[in-house]
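[1] mind folding the following:
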Amino acid sequence: MSIDGAMKAVIPAAGLGTRFLPATKVIPKEMVPILDKPAIQYVVEEAIKEGIEDILIITSRWKHSIVDHFDRSLELEYYLKEKDKDEHFHQVMDIGNMARIHYIRQKVPRGLGDALLHAKDYVGDEPFTVLLPDDIIVSDRPAIGQLMDVHRSTGGPVVALEHVPKDRISRYGVASAKRTGERTHRILDVVEKPPAEEAPSDLALIGRYVLPCEIFEAFEDIEPGYGGEIQLSDAIRYLLDDMDFTGYEFEGKRYDVGNVPGWLEANVEMALHNGQYSDIARDLIVRLHADL
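    As a prediction, this is how the structure comes out:
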């Protein structure tokens, strides 16, 4: 755990972002904005809302802008202060001071499991949380906090689950599970990106996890799986014989912002529910609808 006793968070942000090319040729997909904030800021803020202020972001060598975003920007701060742009000044200051953020690079893209393995020394021998920036979840209670509550109740690892349409299930790790409560399931098996006709259910693993430190041993022991990469789903499967994993159907609306359709949906719907942009968004939709 972190020095204040709170659970640590790991945010993998090393992927190539191929679903968002050509924009991600030079812009990290995690820095593509949803309204006025980059996607990764939403998940950092989600962690902070649950008292997690010790965060490791796993990057790659060309993603300097992620590091820069959460750093201080003295020139910009000075300019905003001199121009009496107090609101923007405080926004910029808050970003630079929001958490203890650490960074490590994944030198070769070998999958989510390999990226998380880079967090082994940082995490130590305690459970930890994982938040994937491709998944923006809008909810009254932060999704990671919902999973942490389940972890406190069960004492074991927890994975976020969501029912996914059959035509999209092959994009996800998919759980075979036995329902144990209104929103909880016991995970029986996990299959990474199965063809729709072979999927064990329509319950997909979504990018929020409370994981045990034993997951690192699993990453080291398993062979590369789907796509020749070290998969988190395979590591979870490896551990199922020795520990119970709980699947939790979180409350909230999820957007897959790692691809253009999901990013577009997030911008439109979040704008409609944002006091600063809602009137603009509604007027735009009405005008566009009239032109169709």
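[2] would you map the helices across the stretch 51-200 of the chain?
    64-69, 74-82, 86-97, 112-117, 120-123, 143-154 (DSSP state H, counting those that start in this stretch).
[3] out of the ones you listed, nearest to Asn274?
    Smallest distance to Asn274 across these (C-beta to C-beta): 14.9 Å, for helix 86-97. Where C-beta positions appear, they are placed from N, C-alpha and C, glycine not excepted.
[4] can I get that closest one in CSV, CA atoms only?
    C-alpha atoms of helix 86-97 as CSV (Å, rounded to 0.1, in the frame of the first residue of the first chain):
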residue,chain,number,x,y,z
ASP,A,86,-7.9,32.8,-12.3
GLU,A,87,-10.2,29.9,-13.2
HIS,A,88,-7.8,28.5,-15.8
PHE,A,89,-4.8,29.1,-13.4
HIS,A,90,-6.4,27.0,-10.7
GLN,A,91,-7.3,24.3,-13.2
VAL,A,92,-3.7,24.0,-14.3
MET,A,93,-2.4,24.2,-10.7
ASP,A,94,-4.8,21.4,-9.6
ILE,A,95,-3.7,19.1,-12.4
GLY,A,96,0.0,19.5,-11.3
ASN,A,97,-0.8,18.8,-7.7
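[5] how distant is it from the center of its chain?
    23 Å (C-alpha atoms, centre = their mean, to the nearest Å).
[6] which residues outside it are in contact with it?
    Identification of contacts with helix 86-97 by C-beta atoms under 8 Å, 6 or more residues apart in numbering yields Gln41, His69, Phe70, Asp71, Arg72, Ser73, Leu76, Glu77, Leu80, Lys81.
[7] number of residues surrounding the fourth one?
    Looking back up the chat, that one is Asp71. Asp71 has 11 neighbouring residues, counting by other C-beta atoms under 10 Å.
[8] what's the answer for the fifth one, then?
    By the other C-beta under 10 Å criterion, the neighbourhood of Arg72 contains 13 residues.
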